[in-house]
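could you work out the structure for the sequence below:
(chains A and B)
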Amino acid sequence: MDLASAKMIGAGLACIALVGAGIGIGNVFSALISAVARNPAAQPQVQPFAFLGFALAEATGLFGLAIAFLILFVF
Amino acid sequence: MALELHPLEQFKIEPLIPIHIGGLDVSYTNAALFMTIAVVLITALLVLGTRRGALVPGRWQSVAEMSYEFVGDMVETNAGHGAEPYFPFVFSLFMFVLFSNFLGLIPYSYTVTSQIIVTFALAATVFIGVTIVGIVKHGTHFLRLFVPEGVPIVLLLLLVPIELLSYFIRPFTLAIRLFANMLAGHTMLAIFGGFAASVGLLAILPVALDVAILALEVLVAALQAYVFAILTCLYLRDALHLH
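The predicted structure is shown next:
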């Protein structure tokens, strides 16, 4: 297998990490919706945590994407 | 093959004013131009916005005051009570990342924070600064940060290396989070734009998707600046209060 094909396959495999990002982000916002549904007065306190959690969960998936780009364009 | 490189062409750094000193290339590049524009805009917003100093603020003064209050609140809530001296640093960091991200959304502009070296410089500054703050404040006691309380010695052998690893990986995660978000967002915009150029009448679909992704990118730009600043505050709290 030549390098270019291996790179394509590697990049594709590295993108599987984004599944985790999707599940994580879904979890974060599901928790936010449940919390606000139970106690609407708590929304301004819970919302900053929800956005922080979203960004951190997305970041973990994007680490996988960064590896995919690394494989494709640096090696 | 030509299409493969095209989405990444937007990240190319081009020297606008070539300057070579000694063997070093210190040209004024398009990245440097947009960093300068970001700094000039932030300074203009804050200095000119509060020039009148009215008790009932007008629009620009309101925006300047809101940004100050937002970051001040964030530092106070998340970094604890010993962190007031570090507010200017967190404020500069937040405003620079925010304005750089937003400037990158303008078509044909350059996103400064999509370069890993820029985000790594910011993240390394935060990491080294916070570590020095912790060491200066606590001395050798700073190492207590890696040893959680009430843990049996056997578990400590496993836990301390993990804590050390997660501490030293902080500048990298901080840098890569911002860089990957900006890179992925702009690459997606460029790829769907490329589709629109090559499809013909159906081009309305990629363009509509591009509009939606641009809206998402606006949210991501603001959110990533917020996350960068709030993580800086949290790391500062870890260093100041050792837990």
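
what mean pLDDT does the host helix or strand of B:Ser166 have?
Using DSSP states H and E, B:Ser166 falls within helix B:153-168. The average pLDDT within helix B:153-168 is 89.

ok, then the element right after that helix?
Downstream of helix B:153-168, the next assigned helix or strand under DSSP H and E is helix B:170-199.

would you mind listing what in chain B touches chain A?
Within chain B, the positions adjacent to chain A are B:8, B:173, B:176-177, B:179-181, B:183-184, B:223-224, B:226-227, B:230 by Cβ under 8 Å from any Cβ of the partner chain. (C-beta placed from N, C-alpha, C; glycine too.)

ok, now which ones touch B:Ser100?
B:Phe34, B:Met35, B:Ala38, B:Thr111, B:Val112, B:Thr113 (Cβ atoms under 8 Å, 6 or more residues apart in numbering or on different chains).

now the closest residue to B:Ile17 other than its chain neighbours: how far from chain A?
Leaving aside its chain neighbours, B:Ile17 sits nearest to B:Tyr28 (4.1 Å; criterion: Cβ to Cβ, 6 or more residues apart in numbering or on different chains). B:Tyr28 is 26 Å from chain A, where distance means Cβ to the nearest Cβ, to the nearest Å.

tell me the pLDDT of B:Tyr28.
90.

can you count the residues close to it?
When neighbours are counted by other Cβ atoms under 10 Å in any protein chain shown, B:Tyr28 registers 13.

how close does it sit to B:Ile106?
According to Cβ to Cβ, to the nearest Å, B:Tyr28 and B:Ile106 sit 20 Å apart.

next, the angle from the helix holding B:Ser166 to helix B:170-199.
Here helix B:153-168 runs at an angle of 50 degrees relative to helix B:170-199 (axes from the mean of the first three to the mean of the last three Cα atoms, to 10 degrees).

for chain A, what helix or strand is lowest in average pLDDT?
Here the helix or strand of chain A ranked lowest by mean pLDDT, DSSP states H and E is helix A:43-73, holding a mean of 89.

quick check: buried residues in that helix?
For helix A:43-73, a neighbour-count test (16 or more other Cβ atoms under 10 Å in any protein chain shown) marks A:50-69, A:71-72 as buried.

which element, helix or strand, includes the residue sitting nearest the centre point of chain B?
Residue closest to the average C-alpha location in chain B (Cα atoms, centre = their mean): B:Val97, at 4.2 Å. Taking DSSP H and E as the definition, B:Val97 sits inside helix B:87-104.

tally of neighbours for the nearest residue to B:Leu159 once chain neighbours are set aside?
Using Cβ to Cβ, 6+ apart and skipping residues adjacent in sequence, the residue nearest B:Leu159 is B:Val151, 6.1 Å away. Applying other Cβ under 10 Å, we find 12 residues neighbouring B:Val151.

phi and psi next, for B:Val151.
The phi and psi values for B:Val151, taken as degrees, to the nearest 10, are phi -110, psi 130.

likewise for A:Asn39?
The phi/psi pair for A:Asn39 (degrees, to the nearest 10) reads phi -140, psi 80.

surely B:Trp142 and B:Gly134 touch.
Actually, residue B:142 is Phe rather than Trp. Yes - applying Cβ atoms under 8 Å, one finds B:Phe142 in contact with B:Gly134, separated by 4.8 Å.

tell me the contacts of the residue nearest to B:Ile17?
Counting by Cβ under 8 Å, 6+ apart, B:Tyr28 touches B:Pro15, B:Leu16, B:Ile17, B:Ile19.

could you check the distance from it over to B:Met35?
10 Å.

filter the buried residues of helix A:43-73 down to the ones close to chain B.
Okay, of the buried residues of helix A:43-73 touching chain B (Cβ under 8 Å from any Cβ), that's A:Phe51, A:Leu52, A:Phe54, A:Ala55, A:Leu56, A:Glu58, A:Ala59, A:Leu62, A:Phe63, A:Leu65, A:Ala66, A:Phe69.

nearest to B:Ala79, of these?
Within these, the smallest distance to B:Ala79 is 14.3 Å, found for A:Leu52 (Cβ to Cβ).

distance of B:Leu201 relative to B:Val207?
Taken as Cβ to Cβ, the span from B:Leu201 to B:Val207 is 12 Å.
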